[in-house]
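Engineer: Sequence and predicted structure are below.
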Amino acid sequence: MKGPNKLISYMENHTSSASLGGMLSQYQNKQIIYSEGTPADTLFYIRKGGVRLTTRTKNQPSAVTAILGVHDFFGELCLEGFPHLVSTAIALTASSILVIEKQSMIRVLRENNKMSNSFVSYLLSSIRQYQDSVAELLISSAEQRLARVLLRLANLDTRGPLFVEIQTPSDQVLAEMIGTTRSRVESIFS
């Protein structure tokens, strides 16, 4: 079993216990989980549903930086000491998310070598996915990026139950996901 799969197994077997110091929270479709700039003292693990991360910079529109599904972590930069969250997290559908206190996660990672190794493997896999996304932005057409985003959304929950109902994002949200304008997305669909 590879690192990320070991982590999934560990999380599924141990997240119901208080050993991680986590609390299971429920979020509705389009509900904001956290906002960019708030204190970074927790990380999140998706048990059910999906999450969209967006980032905003001065004088620029917000950009979708990640679409996450079941078994994904987010907010993990708090473990590195980032004082504030660098994105806004919004539920894509009704979601169950384990909210884990930073200090509890650090304790578990120090005490459990298997969990620590699996988490590092998960993080490396995530970094690779982000690198692929950046390369895709640089070399793929808007149509190719849109097709990949729609496929990603259709298969968002493939590691969990066979089907998750996610509303089709607006043309503006799709444009943010692929790094283009709303009018360009509309022209692709017409």
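Structural biologist: Nice, thanks for sending it over.
Engineer: Tell me how many other residues crowd His84.
Structural biologist: 12 (other C-beta atoms under 10 Å). The way it works is simple: take the backbone N, C-alpha and C, and place the C-beta from them, glycine included.
Engineer: quick one: the spatially most central residue of the chain and Leu53, what's the gap?
Structural biologist: Centroid-nearest residue in the chain: Leu68, 3.3 Å away (criterion: C-alpha atoms, centre = their mean). Look at Leu68 and Leu53: by C-beta to C-beta, to the nearest Å, they are 7 Å apart.
Engineer: Thr54 and Ile67: what is the separation?
Structural biologist: Counting by C-beta to C-beta, the separation of Thr54 from Ile67 is 10 Å.
Engineer: repeat for Glu80
Structural biologist: Separation of Glu80 from Ile67 (C-beta to C-beta) stands at 22 Å.
Engineer: higher neighbour count, the two?
Structural biologist: Neighbours per residue (other C-beta under 10 Å) separate Glu80 from Ile67, with Ile67 holding more: 19 against 7.
Engineer: wait, isn't the more buried one in contact with Val149?
Structural biologist: Yes: assessed by C-beta atoms under 8 Å, Ile67 is found in contact with Val149 at 7.3 Å.
Engineer: which neighbours do these two share?
Structural biologist: Listed as contacting both Ile67 and Val149 by C-beta atoms under 8 Å, 6 or more residues apart in numbering are Met177.
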